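Participant: What follows is a predicted structure for the sequence shown.
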Amino acid sequence: MIDAKYQNKGYGQEALNLIIERVRKKPKAKALTLSVVRAEGSADAFYKKFGFDFTGKVEGGEHVMKLAFW
């Protein structure tokens, strides 16, 4: 999470790019998953820009998104 006063400065985008790159390099990695609370101001649109899609699963009240590598 990026504090509100530091949002829209590219920090979250850079951090997520680094995470995706690192996980994608793992030989057995097939996908990366995360979860979001769907509400006003939710980060789901941000994650969709990276290719994450909703899986239809809800865990602990949060909607699961997945980025498949292959």
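Facilitator: Okay, I see it.
Participant: how about Tyr47, secondary structure?
Facilitator: helix (DSSP: H, G, I helix; E, B strand; the rest coil).
Participant: What of Lys28?
Facilitator: Three states are possible here, and by three-state DSSP the one that applies to Lys28 is coil.
Participant: Output the lowest mean pLDDT helix or strand found in the chain.
Facilitator: For the chain, counting by mean pLDDT, DSSP states H and E, helix 44-48 ranks last in confidence among helices and strands (a mean of 93).
Participant: Please enumerate the helices of this protein.
Facilitator: Under the criterion DSSP state H, helices of the chain are mapped to 11-24, 44-48.
Participant: what helices or strands is the first one leaning on?
Facilitator: Secondary structure elements in contact with helix 11-24, counted by 3 or more CB pairs under 8 Å, 6 or more residues apart in numbering; DSSP states H and E, are strand 31-36, helix 44-48. C-beta coordinates here come from the backbone N, C-alpha and C atoms, glycine included.
Participant: Repeat the analysis, applying 10 Å as the threshold.
Facilitator: If you count contacts as 3 or more CB pairs under 10 Å, 6 or more residues apart in numbering; DSSP states H and E, helix 11-24 packs onto strand 31-36, helix 44-48, strand 62-68.
Participant: Not counting its own residues, what contacts it?
Facilitator: By CB atoms under 10 Å, 6 or more residues apart in numbering, the residues outside helix 11-24 that reach it are 1-3, 6, 10, 29-32, 34, 43, 46-47, 49-52, 67, 69-70.
Participant: Produce a ChimeraX select command limited to the buried residues of these.
Facilitator: In ChimeraX, selecting the buried portion of those, with burial taken from 16 or more other CB atoms under 10 Å, looks like this:
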select :32,34,43,47,52,67
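Participant: so who does the residue positioned nearest the centre of the chain touch?
Facilitator: Nearest to the geometric centre of the chain sits Tyr47, at 4.5 Å (CA atoms, centre = their mean). Counting by CB under 10 Å, 6+ apart, Tyr47 makes contact with Gly12, Leu16, Leu34, Ser35, Val36, Asp53, Phe54, Met65, Lys66, Leu67.
Participant: go on, Met65?
Facilitator: Applying CB under 10 Å, 6+ apart, the residues near Met65 are 32-36, 43-44, 47-48, 50-55, 57.
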